[in-house]
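Trainee: I'd like to go over a predicted model; first the sequence, then the structure.
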Amino acid sequence: MQKDLLNSVVKITRHRDVDSLELSLLSTISEFLQPTEAALYKDLSRFNGKGIESSASLLCDEQGKIHWRSREIIEEPTKELQCCLESACTISLQDKSGNETRWIPVVIDDQVSGAVYIVAKHLNSSEQVTLNALCRIYENYLTILNESERDKLTGLLNRQTFERKIKQLLEDQLHSHNTPQLQGNRNKRYDESSWLAILDIDHFKHVNDTYGHVCGDEVLLTLAQKMQLFFRSSDLIFRFGGEEFVVVFEPTTLEHITSKLAEFQQYVRDNKFPFVEQLTLSIGFSRMSPYDFPISVIENADKALYVAKNSGRNQCVYYGDILDEDSQEHPSADDVELF
Ligand SMILES: Nc1nc2c(ncn2[C@@H]2O[C@H](COP(=O)(O)OP(=O)(O)OP(=O)(O)O)[C@@H](O)[C@H]2O)c(=O)[nH]1
């Protein structure tokens, strides 16, 4: 048992990203404590978002087969979960037949960032020690990984994680595309796809030059917080560098994404930021299908951003529109009549 446990700890700490770490923790809990249910909850307000997310969860059937469930926002968290998050205390309930349900807080930098949830037959004292030790190892390792995945100033995902996160997202989409029963609650329309947008603050150098770098940092931090509150928690938000942010949106229509981005531009224009009178953004965006290379989607959105900047800034440009204009100006060989 001890040797197996040590090997599991080695396995958990081999991971280099938070998502695999979460799956690995639940697998280990499942291996050693045979729960009927286990999950990891994340308090998104800790990351400037909204609500509570079940970021990984599993169900074990009577044959001992594990069924993984996809990540979801918890619409109505139980009062025990809320109590665990608010009090930073482990909550435990036992029914008459000895089944136990536990919520164990996950504490990062002295703040509760989530909880481990487990439903199992009565846990003896050595199993309780094992469970607590696994949760503490997870907590320690999560602290290190969070630091390497997130931008220090804004707490957003950093550029280094972009490739991996996008690859994972596209693989998940391809998987759910091929297995319709996994598509989740929302009925997807045939014309929906993912989108990638680059948002760049206009004339940010002027902010730095006028008020200083520290004030510039505060503007960046405020914008990052507004982005996290405005967009869905399932959308991925990266700080790509300086005053440039990348948002990857879950599948939706061109019409919806166009109005969502326009609304955000308006929201930024109308809202107060520290020091500056008014802040505006230029945005370039592009469609992203599971068959695209992330780097080429970035290049397309970047071309659209370039057009937005050159058209006077404070604009939102769709790559598909500049492609259409381009093909009208430079018709392809297919469009040229040969005599
Ligand atoms: N405060 C602060 N400034 C940064 C940071 N990273 C980059 N910058 C500044 O961001 C500014 C970017 O300037 P430019 O690339 O000329 O862009 P801009 O002034 O926004 O002009 P346009 O994008 O063309 O509208 C420079 O002044 C950088 O020093 C940061 O972490 N903090």
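Mentor: Structure's in. What do you need?
Trainee: Could you give the residue of the protein that lies closest to the ligand?
Mentor: Distances between the chain and the ligand by Cβ to the nearest ligand atom are smallest at Gly216, namely 2.6 Å. C-betas here are computed from N, CA, C, even on glycine.
Trainee: residue contacts, that residue?
Mentor: 204, 207-208 (Cβ atoms under 8 Å, 6 or more residues apart in numbering).
Trainee: give me the element it is part of.
Mentor: Using DSSP states H and E, Gly216 sits in helix 213-230.
Trainee: now that helix, how far from the chain's geometric center?
Mentor: 18 Å (Cα atoms, centre = their mean, to the nearest Å).
Trainee: and after that helix, which helix or strand comes next?
Mentor: Using DSSP H and E, the next helix or strand after helix 213-230 towards the C-terminus is strand 236-241.
Trainee: Could you list the residues of the stretch 101-250 of the chain in contact with the ligand?
Mentor: Residues of the stretch 101-250 of the chain lying close to the ligand by Cβ under 6 Å from any ligand atom are 153, 200-205, 208, 213, 216-217, 220, 242-243.
Trainee: residue ranges for the helices of this protein, please.
Mentor: Taking DSSP state H to define them, one finds helices in the chain at 2-12, 18-33, 79-87, 125-149, 162-178, 204-211, 213-230, 254-270, 294-310, 319-329.
Trainee: picking up where we left off before, measure the residue of the chain closest to the ligand to His15 for me?
Mentor: As for Gly216, its distance to His15 is 35 Å (criterion: Cβ to Cβ, to the nearest Å).
Trainee: How about Gly242?
Mentor: As defined by Cβ to Cβ, Gly242 lies at a distance of 30 Å from His15.
Trainee: Please identify which of those two sits among more neighbours.
Mentor: The residue with more neighbours, out of Gly242 and His15, is His15; 16 against 13, by other Cβ atoms under 10 Å.
Trainee: My read is that the more buried one contacts Leu21, right?
Mentor: Yes - contact criterion Cβ atoms under 8 Å: His15 and Leu21 qualify, at 4.5 Å.
Trainee: looking at this protein, which helix or strand does the model trust least?
Mentor: Using mean pLDDT, DSSP states H and E, the weakest-scoring helix or strand in the chain turns out to be helix 162-178, at a mean of 76.
Trainee: May I see the buried residues of it?
Mentor: Residues 162, 165-166, 169-170, 173, 176 are the ones in helix 162-178 that count as buried (16 or more other Cβ atoms under 10 Å).
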